[in-house]
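**Q** what would the 3D arrangement of this be:
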Amino acid sequence: MPRYKLTIAYDGTDFHGWQRQEPADAPALRTVQGVMQEAVTDLLRQKVEVVGASRTDSGVHAIGQVAAFTADVRVPLERLAQAITARLPRDVQVVRAERVHDSFSPIGDARSKCYRYTIEHTSHPHHPRPLFDRNLVFATPHTLDLARMQEAAGHMIGTYDCASFAQIDHGRATTVRSVLDCVARSPSPRRIEIEVAASGFLYNMVRIIAGTLLEAGRGRIDPADLPRIIQARDRRGAGPTLPPQGLCLRWIWYGAATALHTPAEGTPCD
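**A** A predicted model of the protein is given here:
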């Protein structure tokens, strides 16, 4: 039976994360996987399991989440993304649909992922907190030193034990990861974006890295201390876990092409 890969964007504000959650003694929680499976099932008139690549938490957003399902699809491929989106709520959409090899695994075949954390910062009383994009950024009243954050970010790159940047209950067999890139930049005077690409991530890893760079920007962590913080493998030495709303899954890379055919239309919206 054919297998399909979907690239999905969503505003995570009103979702309890990606993973479907059905408590035994309560109604199912609203999740992205849940509404995706309902939409695909409604379109195809058959029960379908939509498996996602990344278990984003409650409040976390995505423009490049990847999911896959196997089903008999009679909708033309060039119309599949649009047809699924028409059955989805307004805070989630399918931006691309592709035919892939039957063995494609959105989790196991992923080579690297990239997340962005966005911060609004200021100490000026005439600069109010973000209003219209308040669910997409984290606001801090402190003025941040971008150069210090960039210096700290440079120390994050490499392959090492990332235990200092993972919650204690991360649930993974190993905490070694390859951080391929980590940058801090300022697209506008009061806004800073932290972008991290890695072979994989631990629970809350990007939010802790962002919190560590924020503390460096505030002057509370010396960027030169980052190698020591990494080597300590101790969560207590790193910065706080920042709230989820500033985090967005940007892309997931699969290396060699997995698609059998990709329609020309549809790109993620930034």
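**Q** who does the strand ranked longest in the chain touch, helix- and strand-wise?
**A** Identified as the longest strand of the chain according to DSSP state E is strand 176-188. Contacts defined by 3 or more C-beta pairs under 8 Å, 6 or more residues apart in numbering; DSSP states H and E place strand 176-188 against helix 146-155, strand 158-161, strand 191-198, helix 205-218. All C-beta spots, glycine's among them, are computed from the backbone N, C-alpha and C.
**Q** average pLDDT for that strand, rounded please.
**A** In this model, strand 176-188 has a mean pLDDT of 97.
**Q** and for stretch 148-163?
**A** 98.
**Q** may I have the distance across it, first residue to last?
**A** End-to-end distance of stretch 148-163 (C-alpha to C-alpha, to the nearest Å): 23 Å.
**Q** report the buried residues of it.
**A** 148, 149, 150, 151, 152, 153, 155, 156, 157, 160, 162, 163 (16 or more other C-beta atoms under 10 Å).
**Q** the helices and strands packed on strand 176-188: which one's closest to residue 138?
**A** Comparison of those against residue 138 by C-beta to C-beta identifies helix 205-218 as nearest, at 7.9 Å.
**Q** mind checking how far that closest one is from the chain centre?
**A** Distance, stretch centre to chain centre, for helix 205-218: 16 Å (C-alpha atoms, centre = their mean, to the nearest Å).
**Q** what is the residue nearest to the spatial centre of the chain paired to in the beta sheet?
**A** In the chain, the residue lying closest to the centroid (C-alpha atoms, centre = their mean) is residue 249, at 2.5 Å. Beta-bridge partners recorded for residue 249 (DSSP bridges): residue 62, residue 115.
**Q** want to try a markdown table for the helices and strands packed on strand 176-188, with distance to residue 59 as columns?
**A** A markdown table is the format used below for those (distance: least, C-beta to C-beta, whole Å):
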| stretch | distance to residue 59 |
| --- | --- |
| helix 146-155 | 23 |
| strand 158-161 | 28 |
| strand 191-198 | 17 |
| helix 205-218 | 11 |
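**Q** residue 102 is nearest to which of these?
**A** In terms of C-beta to C-beta, the element of these nearest to residue 102 is strand 191-198, at 28.2 Å.
**Q** can you show me the CA trace of that closest one as PDB?
**A** This file holds the C-alpha atoms of strand 191-198, laid out as PDB (Å, rounded to 0.1, in the frame of the first residue of the first chain):
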ATOM      1  CA  ARG A 191      14.300  40.700  18.900                       C
ATOM      2  CA  ILE A 192      16.800  37.900  19.200                       C
ATOM      3  CA  GLU A 193      16.500  34.500  17.400                       C
ATOM      4  CA  ILE A 194      18.400  31.500  18.600                       C
ATOM      5  CA  GLU A 195      18.600  28.700  16.100                       C
ATOM      6  CA  VAL A 196      19.900  25.200  16.900                       C
ATOM      7  CA  ALA A 197      20.400  22.400  14.500                       C
ATOM      8  CA  ALA A 198      21.400  18.900  15.700                       C
END
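**Q** in its sheet, what does it sit against?
**A** When sheet partners are counted by DSSP bridges, strand 191-198 sits next to strand 112-121 (antiparallel), strand 176-188 (antiparallel).
**Q** so which of these is the most surrounded?
**A** Highest mean neighbour count among these (mean count of other C-beta atoms under 10 Å): strand 112-121, with a mean of 22.
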